[in-house]
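1. need coordinates for the following:
(one chain, ligands or ions: 1)
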Amino acid sequence: MKHVFHAALLAIAICASLVGCAKKDDSKTTQLVMATEATFPPYEFREGDKIVGIDVDIAGAIAKELGRELVVEDTKFDSVIPAVQAGKADLAASGITITEDRKKTINFTIPYVEAAQVILVPAGSEVKSTADLKGKRIGVQSGTTGDTYVAENVGEPDRFDNPAVAVAALKSGKVDVVVCDKDPARVFATKDAALQILDEPLTKEEYAIAISKANPELLAAANVVIQRLKDSGELARIVASYEKPADAAAE
Ligand code: ARG
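-> Predicted coordinates for the structure are as follows:
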C-alpha cells in the first residue's frame, strides 16, 4: 500500500514538473514581448499603470495575428534594440527610426510613419532656426537620431534618459533647446504654451519595428500585418485616435 502511495506521489510530481515545463516553454509561443521606452507620446506612454500608444496598437495587431498575448517591457531607449538582439524581447517598437547603422545589427519591418527631428524652444527664444544652434546647450534623448544629428552637425549635446526629462531641463533653463522627434514634440508643446517648435525640421526619417535577424518568420508576419493596417485605413484610424482635439488646434 505504501508503495502504491509513493508511486502515485511520484507520478503526480512528474506530471506537475512536466506541466510546469510545458507552461514555461509555452510562454515563448503564447506571448509576444515588445521592448519600448514609454515616455514618447503618442507612440508609447503611460496612462495610469498601462502603457498605450500607436506602437502598442500596431504590436497588438501583430500579436493578434499570431494568436499571442502582447507583453510590453519598458526600458531605456538605448536598450530596446539590444533586448531584441539578446532574445529578451521579440520586437522593439519605440518610434524607432530606420538608419543604415542600425540595419547592420537588426532587421526593420516596412516603415509605418514619417518622422523628423525638430527643435523645441521656450517661447521667445533667441534660437529661431538651425543656424542659431551653434554654441547652444542642446538637450537630446540618449541614443536617438536626435543625439546623432546634434553630435555630428552641431556639437556634443546634453544627453537625457528620456524626452520628458530633456523637456524638464529646458523648462528649468539647464539647456537652451531640445532636439527630439516631431510628434512627441508636438504633444509637449500642446500641453505647455511656454514651448514652441521651430518650423524647419532637421531630418527626414521613417519609423519601423525592429526584429532580430535570426527571426525572419516574425519579420514576414509583421510586414503582412503592417501592410494590411496601411491598406485598410486602420493605421490612419489608430493614429487619429491619439490625436486629441487640443493637438489639432496647435497645428
Ligand atoms: N526616432 C528616434 C530614434 O529612433 C527616437 C525614438 C525614441 N523613442 C522612444 N520611445 N523614446 O532614434
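2. give me the residue from the stretch 151-251 of the chain nearest the ligand.
-> Relative to the ligand, the nearest point of the stretch 151-251 of the chain is residue 181 (4.9 Å; C-beta to the nearest ligand atom). Just so you know, the C-beta spots here come from the backbone N, C-alpha and C atoms, and that holds for glycine as well.
3. any idea how far the nearest residue to that residue once chain neighbours are set aside is from the ligand?
-> Spatially, and ignoring its direct neighbours in sequence, residue 181 is nearest to residue 115 (5.4 Å; C-beta to C-beta, 6 or more residues apart in numbering). Taking C-beta to the nearest ligand atom, to the nearest Å as the measure, residue 115 falls 6 Å from the ligand.
4. now the strands for the stretch 1-150 of the chain?
-> 31-36, 39-40, 44-47, 50-52, 69-74, 91-92, 107-108, 113-115, 117-122, 138-141 (DSSP state E, counting those that start in this stretch).
5. tell me which strands the last one pairs with, and in which orientation.
-> The sheet places strand 138-141 alongside strand 158-160 (parallel), strand 177-181 (parallel), with pairing taken from DSSP bridges.
6. one step back: deepest of the strands of the stretch 1-150 of the chain, which one?
-> Counting by mean count of other C-beta atoms under 10 Å, strand 91-92 has the highest mean neighbour count of these, with a mean of 30.
7. who's in contact with that one?
-> Outside strand 91-92, the residues that touch it by C-beta atoms under 8 Å, 6 or more residues apart in numbering are 32-36, 59, 62, 80-81, 83-84, 106, 209-211, 218, 222.
8. what's the answer for stretch 184-204, then?
-> With contact meaning C-beta under 8 Å, 6+ apart, stretch 184-204 is reached by 40-43, 95, 114, 116-123, 125, 127-130, 145-146, 149, 153, 163-164, 167, 170-171, 178-179, 182, 244, 246-247, 249-250.
9. residues from the stretch 101-250 of the chain in reach of the ligand?
-> Selection of the stretch 101-250 of the chain residues close to the ligand by C-beta under 6 Å from any ligand atom yields 115, 141, 144-145, 181.
10. so the residue nearest to residue 181 touches residue 146, yeah?
-> No: checked against C-beta atoms under 8 Å, the pair residue 115 and residue 146 is beyond contact range at 10.6 Å.
11. need the overlap of contacts for the two.
-> With C-beta under 8 Å, 6+ apart, residue 115 and residue 146 have common neighbours residue 181.
12. helices of the stretch 1-150 of the chain, residue ranges please.
-> 2-30, 54-66, 77-85, 100-103, 145-153 (DSSP state H, counting those that start in this stretch).
13. list the buried residues for the third one?
-> By neighbour count, and taking 16 or more other C-beta atoms under 10 Å as the criterion, the buried residues in helix 77-85 are 77, 79-84.
14. per-residue pLDDT of residue 244, please?
-> We have a pLDDT of 68 for residue 244.
15. per-residue confidence at residue 29?
-> 79.
16. how about it, what does it touch?
-> Contacts of residue 29 (C-beta under 8 Å, 6+ apart): residue 68.
17. separation between it and residue 210?
-> According to C-beta to C-beta, to the nearest Å, residue 29 stands 20 Å off from residue 210.
18. do residue 113 as well
-> 14 Å.
19. can you check residue 203 too?
-> Distance from residue 203 to residue 210, by C-beta to C-beta: 18 Å.
20. what pLDDT does the residue nearest in space to the middle of the chain get?
-> With distances taken as C-alpha atoms, centre = their mean, residue 94 lies nearest the centre of the chain, 1.0 Å away. Residue 94 is assigned 98 on the pLDDT scale.
21. so what does it have for phi and psi?
-> phi -160, psi 40 (degrees, to the nearest 10).
22. wait, it touches residue 36, no?
-> Yes: at 4.3 Å, residue 94 counts as touching residue 36 under the criterion of C-beta under 8 Å.
23. joint contacts of those two?
-> In contact with both residue 94 and residue 36: 44, 55, 80, using C-beta under 8 Å, 6+ apart.
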